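Colleague: I need the structure of the sequence given here:
(one chain, ligands or ions: 1)
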Amino acid sequence: MAKKKTGVFEWAEESVNIQLGCEHNCLYCYARYDAVSRYHRCTQEQWENPVINQKKVDLSYHKKIKAGVMFPSTHDITPKNLSEYLCVLRKLLDAGNQVLIVSKPHWDCITVICENYTDYKDQITFRFTIGSASEDVLKFWEPGAPNLTERLSCLEYAYRQGYKTSVSCEPYLDAWPSHVYVASEQWITGTFWLGKMRNFKSRVDFSKSNAVDITKYVVPLINAQEDSVVLTFVEQMKDWRGVMFKDSVQAVIDKHRIKQGKANAEAVVSGMMRGRGSFTGKSRRDQTA
Ligand code: SF4
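Modeller: Below you'll find the model as predicted:
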């Protein structure tokens with residue numbers, strides 16, 4: 001059986017990155033967790049002050065990757081790395097690749113990409129990450145990233161320029177992912193992805209959070225990760241245009257489908273046991289008469 005694809009591999013066969021670190025400094029960042037805590041490639045301070053890997057920028061990238069490439073996946077596109085980003089993007093596009101651009105988008109970057117790559121529109125999909133429709137919530141979880149207004153403006157701009165657009169509400173950051181959908185849907189040509197914050201306890205960095213932040217932002221998100229809440233989102237959004245559930249949400253759906261399947265099977269068996277008398281050809285009423 002083919003292995004189920006998870007994480008970024010649900011979206012692309014390969015990913016390309018050209019720097020270590022990301023000034024967006026999201027509290028839940030899996031790339032930061034890997035680089036700082038797990039593999040000790042850099043310190044927290046270095047993570048917040050990224051360094052471009054010139055060797056990766058200089059690679060030829062002549063290979064066409066069948067199922068497309070995601071660029072970037074372990075950092076973002078910012079004004080500081082834009083010229084190197086454009087250089088590698090051009091090489092990937094020239095090689096004929098479909099490129100998925102995942103970003104908490106900066107206006108100064110997305111407008112430049114849109115204007116410079118009009119000949120490659122068919123090869124580019126923008127997927128902008130918007131985990132909440134609340135500026136406060138975004139500011140807490142993604143302190144260095146553009147605000148909601150800037151992200152929506154980028155989405156609208158790319159859409160109006162004729163590019164393929166999509167939104168990732170992964171991780172969703174509060175109990176109202178439907179508000180993100182409502183705010184962004186008119187500028188989406190493709191999919192809207194809903195996913196949970198994975199490995200909450202091990203990956204999230206609360207070292208700079210105070211008690212008020214924990215009460216205001218962390219506890220509500222922990223509650224919103226409960227299966228019952230996830231299933232409410234699923235029920236509400238499952239038929240909305242473009243909505244897709246990431247592996248983390250799909251796992252909750254599958255778990256409850258299995259449970260429901262078992263409960264149904266047990267109900268059938270117990271019904272058969274209760275109705276055994278009818279196998280004699282007599283109804284219950286006949287038997288008791
Ligand atoms: S934008 Fe992405 S790579 Fe950058 S810190 Fe946030 S989650 Fe990590």
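Colleague: Can you tell me which residues in the stretch 101-250 of the chain are near the ligand?
Modeller: By Cβ under 6 Å from any ligand atom, the residues of the stretch 101-250 of the chain that approach the ligand are 104, 142, 145. For glycine as for every other residue, the C-beta is placed from the backbone atoms N, C-alpha and C.
Colleague: so who does the first one touch?
Modeller: Under the criterion of Cβ atoms under 8 Å, 6 or more residues apart in numbering, the contact partners of Lys104 comprise 24, 76, 128-130, 142, 145-146, 151.
Colleague: before we move on, back to that, please render the residues of the stretch 101-250 of the chain next to the ligand as TSV that adds distance to Lys56, pLDDT and secondary structure to the earlier fields.
Modeller: Supplementary listing: these in TSV, determined by distance: Cβ to Cβ, whole Å; pLDDT from 0 to 100; DSSP: H, G, I helix; E, B strand; the rest coil:
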residue	distance to Lys56	pLDDT	secondary structure
Lys104	21	98	coil
Glu142	24	98	coil
Ala145	23	98	coil
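Colleague: before we move on, the earlier item: among the contacts of Lys104, the buried ones, what's the PyMOL command?
Modeller: For the buried members of the contacts of Lys104, the matching PyMOL selection, counting by 16 or more other Cβ atoms under 10 Å, is:
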select buried, resi 24+76+128+129+130+142+145+146+151
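Colleague: can you tell me which of the contacts of Lys104 are in strands?
Modeller: 128-129 (DSSP state E).
Colleague: what residues are up against Val16?
Modeller: 56, 61, 69-73, 88, 92.
Colleague: Run through the strands of the stretch 1-150 of the chain in chain order.
Modeller: 14-15, 19-20, 51-52, 69-70, 99-103, 124-129 (DSSP state E, counting those that start in this stretch).
Colleague: which helices and strands sit right next to the first one?
Modeller: This points to strand 14-15. When contacts are defined as 3 or more Cβ pairs under 8 Å, 6 or more residues apart in numbering; DSSP states H and E, strand 14-15 packs onto strand 69-70.
Colleague: tell me which strands and helices the strand it packs on is in contact with?
Modeller: Using 3+ Cβ pairs under 8 Å, 6+ apart: strand 69-70 touches strand 14-15, strand 99-103.
Colleague: Lowest average pLDDT across those strands?
Modeller: Of all the helices and strands packed on strand 69-70, the minimum mean pLDDT falls on strand 14-15 (a mean of 94).
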